[in-house]
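**Q** Okay, sequence plus prediction incoming.
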Amino acid sequence: MPKLRMNQAIALALREEMERDPTVITFGEDIAEAEGPFKTSEGLLERFGPLRVRDTPISETGFLGAAVGAAVTGLRPVVEIMFVEFLGVALDQVVTEAAMMHYLSGGRLNAPLTVRASCGSGLGFGCQHSQTLERWLLGTPGLKLAVASGARSAYGLTKAAIRDPDPVVVLEPRALYGRREDFEPGENAVLALGVGELLASGDDVTIVALGQTVGIALDAASEAKGWSADVIDLRTLMPWDRDIVKRSVARTGRLVTVEENQLTGGWGGEIVSYVASRCYSDLRGPVMRITAPDVHVPYGSELEAEYLPSSPYVAKQISELISTDKVPGHWWEDAR
Amino acid sequence: MSSPVLPDKTEVMPDAVARRLALTNDEAIKFARMVEIRLIEDRVIALFGEGLIPGTTHTCQGQEAVAVGIAGATRPDDIVVCTYRGHGMALALGVTPEAVLGEILGRQIGCMGGIGGSMHLSDSSVGLLPTFAIVGAGVPVAAGSALTSQVLGLDNISISVFGDGSVNIGGFHEGLNLAAIWRLPVVFVCENNLYGEYSRIDRTTPIEDLALRAAGYAIPSETVDGQDVDAVHSVIERAANRAREGGGPTFVEAKTYRYAGHSRSDKAAYRPAGELDAWLRRDPVRLYGEKLIANGTLDERAIERIWSEQREELEATLERVLASPRASTADMFSRVQASGD
Ligand SMILES: Cc1ncc(C[n+]2csc(CCOP(=O)(O)OP(=O)(O)O)c2C)c(N)n1
Ligand SMILES: [Mg+2]
């Protein structure tokens, strides 16, 4: 099995989908000649030429809007947003235009476009280049939202997104681009949107993680003393896999989400509220969210490492939850 | 009426303001400031290589004359809105090397206490708003700070500095249009260094002379040799006077070049052979030194002395900066909201 870095897995997924379907095109800032600021489009310009692989000016509204127009008229554009924050200048095209196209055309049109964006903390870029920002998109009907957790899921989700008839945003945690993972590419590796994956099983708690926190949750579970956990990579936030979570909680009786985002408005709120209301009788303790504090992502590696939940911290919080049946305070509640 | 971002007149004059005022009308100090910027930016690249600078960093070697030209022709109470490529602008405006390097290195001694980093410098004592890391975002903001001057009847102006890559984004166009229709006291300065990240301007923009962009908004424009600090000074001075006198915005295109890559370890292999060398032959720091020798302000020895003094100062500054602690956990929680301070 090849050991691919996440950025190579993405480039491979793009190459294969462009080979498979001549309507797939890709554009973004410095993705053609320079092969992407994070090398996620290596070899594409050479293989497919400048008609299908394009550099754009710095004009996100322009090229996202163009992707919407191309998508409703027969192409399958894959657009790269270098840092997810830059979606801010063009959010209209995603949430108000692309996401409503099918609905407003009476179901006659659809906008099969894929927006890929790097996200997340861990590389010391400072507060305007380190957020995950799923919450900007969460709860937008008509839109799908997936988050990669490594090379394998980036590959599988990118391919699924390109083939999907709806607009899909795929977030790629930037800190994972250089990490390698063993997997067999090909049709069997295409993932279904809306389906989570059980990555570890245990008896005492269900840990739901996403993107960069998947690895953190797995490490926490493997370091755990006196308890064992189901670890679920949710993979897609819209739609999210209620069944896998429900089934797991029915066995473990406890739910913990591990999120990279700040506490307020994070995706975990949706998961815990669903479980608390719909799986109430399965629960033997309170639901718990582990998140970053409600502050901006700090500059510099050490503070950033404190900001993001670490695996020892996750393990400690869960141990306390299990031993006391109470949700322990967040680390910053004592640290302040 | 006074502007909320300007220092209280009764305060002791902040170091940055003193450094800014010293620059005005003193050619030797202007030259020294350009040398300071060059040396600091070269050192920033080295420090990045040593792993002491987190994330990324964008340096401005080759563009020193634009920054110093702007700073010399404007006042400390003018508002400056610029980009992540802002180390030189901050230093030119007077922000101390300690505050700039400290911030880039994430130290408490930095101008934002080490929590902002290389892309986010600021110092309200010299009107520098936190530098903008989102392309185009600063342009309408500068229109807004100029609106404050107009509404409050202040005679300060705003200066908006951005790159050639910014002229294709909505914020740029919307900001220019507002400034034009409201006749706002703002000077737009486009640092045309020919590249936006790894793309040469001819790949992203259908015109070479970006001053043309202003015509569509009926904003008068001037194009200036960005390697000539005096030329930049005169153009900015004219535009600033116009703005102060109620004549509305001006668009200035400064033709310049960045010697280093876009950021971090970018080796800029996308540049055609010989291009960098051609620009190095018109190095703004050397050109100004030669001019000052020719007009008798300085001699060779004085020039040498300025370089060596600046080198020594940089070493001393760096020592203080590296002795300063990094931003702490508590810093992460402070200043998130004005109401919580
Ligand atoms: C909205 C947005 N899109 C993309 C970027 C990424 N980016 C940062 S700098 C840059 C190039 C900007 O070029 P230019 O305006 O010429 O300024 P220079 O870097 O040359 O000073 C790009 C594309 C960004 N910061 N913001
Ligand atoms: Mg440029």
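**A** Received, thanks. Ligands and ions are numbered 1, 2, ... in the order given.
**Q** quick one: the strands in the stretch 151-300 of chain B?
**A** B:158-163, B:186-192, B:195-196, B:199-200, B:221-225, B:250-255 (DSSP state E, counting those that start in this stretch).
**Q** Which one, of those, ends up nearest to A:Ala9?
**A** A:Ala9 lies closest, by Cβ to Cβ, to one member of these: strand B:199-200, at 25.6 Å. C-beta coordinates here come from the backbone N, C-alpha and C atoms, glycine included.
**Q** Domain ranges for chain A, per the record?
**A** Domain assignment for chain A by automatic domain parsing gives A:4-189, A:197-330.
**Q** For my notes, please list these in CSV and give mean pLDDT and distance to B:Ile219 for each entry.
**A** Shown next, in CSV, are those (pLDDT from 0 to 100; distance: least, Cβ to Cβ, whole Å):
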stretch, mean pLDDT, distance to B:Ile219
domain A:4-189, 97, 20
domain A:197-330, 97, 35
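**Q** can I get those domains in JSON lines with mean neighbour count and distance to B:Ala243?
**A** Supplementary listing: the domains of chain A in JSON lines, determined by neighbours: other Cβ atoms under 10 Å in any protein chain shown; distance: least, Cβ to Cβ, whole Å:
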{"stretch": "domain A:4-189", "mean neighbour count": "21", "distance to B:Ala243": "27"}
{"stretch": "domain A:197-330", "mean neighbour count": "20", "distance to B:Ala243": "33"}
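**Q** Dump those to TSV, plus distance to ligand 1.
**A** Listed next are those as TSV, based on distance: least, Cβ to the nearest ligand atom, whole Å:
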stretch	distance to ligand 1
domain A:4-189	4
domain A:197-330	16
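**Q** Just put the ones you listed in JSON lines and tack on distance to B:Pro206.
**A** Shown next, in JSON lines, are those (distance: least, Cβ to Cβ, whole Å):
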{"stretch": "domain A:4-189", "distance to B:Pro206": "10"}
{"stretch": "domain A:197-330", "distance to B:Pro206": "37"}
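**Q** quick revisit: could you redo the strands of the stretch 151-300 of chain B as CSV and give each row mean neighbour count and distance to A:Tyr299?
**A** Output for these, formatted as CSV (neighbours: other Cβ under 10 Å; distance: least, Cβ to Cβ, whole Å):
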stretch, mean neighbour count, distance to A:Tyr299
strand B:158-163, 28, 22
strand B:186-192, 29, 24
strand B:195-196, 22, 24
strand B:199-200, 20, 27
strand B:221-225, 19, 34
strand B:250-255, 25, 29
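**Q** so which of those strands gets nearest ligand 2?
**A** strand B:158-163 (3.5 Å; Cβ to the ion).
**Q** name the helices or strands packed onto the helix or strand hosting B:Val100?
**A** If you go by DSSP states H and E, B:Val100 is part of helix B:97-104. The helices and strands touching helix B:97-104, judged by 3 or more Cβ pairs under 8 Å, 6 or more residues apart in numbering or on different chains; DSSP states H and E, are helix B:27-49, helix B:87-93, helix B:300-323.
**Q** Go through the longest one and flag the buried ones.
**A** The reference is to helix B:300-323. Across helix B:300-323, burial judged by 16 or more other Cβ atoms under 10 Å in any protein chain shown covers B:303, B:306-307, B:310, B:313-314, B:317-318, B:321.
**Q** just the residues you listed now: which is nearest A:Ala117?
**A** B:Val321 (34.4 Å).
**Q** Is that closest one in contact with B:Glu98, as I believe?
**A** Yes - using Cβ atoms under 8 Å, B:Val321 is in contact with B:Glu98, at 6.1 Å.
**Q** Now for the two: what residues contact both?
**A** B:Ile109 (Cβ atoms under 8 Å, 6 or more residues apart in numbering or on different chains).
**Q** For the residue of the stretch 151-300 of chain B found nearest ligand 1, give me its contacts.
**A** Ligand 1 sits closest to B:Gly163 of the stretch 151-300 of chain B, with a gap of 2.2 Å, by Cβ to the nearest ligand atom. Applying Cβ under 8 Å, 6+ apart, we find B:Gly163 in contact with B:83, B:85, B:135, B:190-193, B:196.
**Q** Just send the residues you listed back as TSV, with distance to ligand 1 too.
**A** Below are the contacts of B:Gly163 laid out as TSV (distance: Cβ to the nearest ligand atom, whole Å):
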residue	distance to ligand 1
B:Thr83	6
B:Arg85	4
B:Val135	4
B:Cys190	8
B:Glu191	6
B:Asn192	8
B:Asn193	5
B:Gly196	3
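**Q** and B:Pro185, backbone torsions?
**A** phi -80, psi 80 (degrees, to the nearest 10).
**Q** since we're on it, how many residues are nearby?
**A** For B:Pro185, the neighbour count with other Cβ atoms under 10 Å in any protein chain shown is 30.
**Q** And the closest residue to it other than its chain neighbours, how far from B:Arg200?
**A** Of all residues not flanking B:Pro185 in the chain, B:Ala243 sits nearest, at 3.8 Å (Cβ to Cβ, 6 or more residues apart in numbering or on different chains). Distance of B:Ala243 to B:Arg200, given as Cβ to Cβ, to the nearest Å: 32 Å.
**Q** what does A:Gly269 give?
**A** 46 Å.
**Q** Now for the closest residue in space to B:Gly261 that isn't next to it in sequence, how many residues are close by?
**A** With Cβ to Cβ, 6+ apart as the measure, B:Ala268 is the residue that lies nearest to B:Gly261, at 4.0 Å, once sequence neighbours are left out. Neighbour count of B:Ala268, defined by other Cβ under 10 Å: 14.
**Q** how near is the residue nearest to B:Pro185 to ligand 2?
**A** According to Cβ to the ion, to the nearest Å, B:Ala243 and ligand 2 sit 24 Å apart.
**Q** who are the neighbours in contact with that residue?
**A** B:146, B:157, B:184-187, B:249-250.
**Q** repeat that for 7 Å
**A** Listed by Cβ atoms under 7 Å, 6 or more residues apart in numbering or on different chains, the contact partners of B:Ala243 are B:157, B:185-187, B:249-250.
**Q** Please, which helix or strand holds the residue nearest to A:Thr56 when sequence neighbours are not counted?
**A** With sequence-adjacent residues excluded and distances taken as Cβ to Cβ, 6+ apart, A:Thr56 is closest to A:Phe63, at 4.4 Å. Assigned by DSSP H and E, A:Phe63 belongs to helix A:60-72.
**Q** Can you check the pLDDT for B:Ser2?
**A** The model reports B:Ser2 with a pLDDT of 45.
**Q** Please list the residues of the stretch 1-150 of chain B that sit near chain A.
**A** The interface of the stretch 1-150 of chain B toward chain A, taken as Cβ under 7 Å from any Cβ of the partner chain, is made up of B:54-56, B:106, B:114-117, B:119-120, B:133-135.
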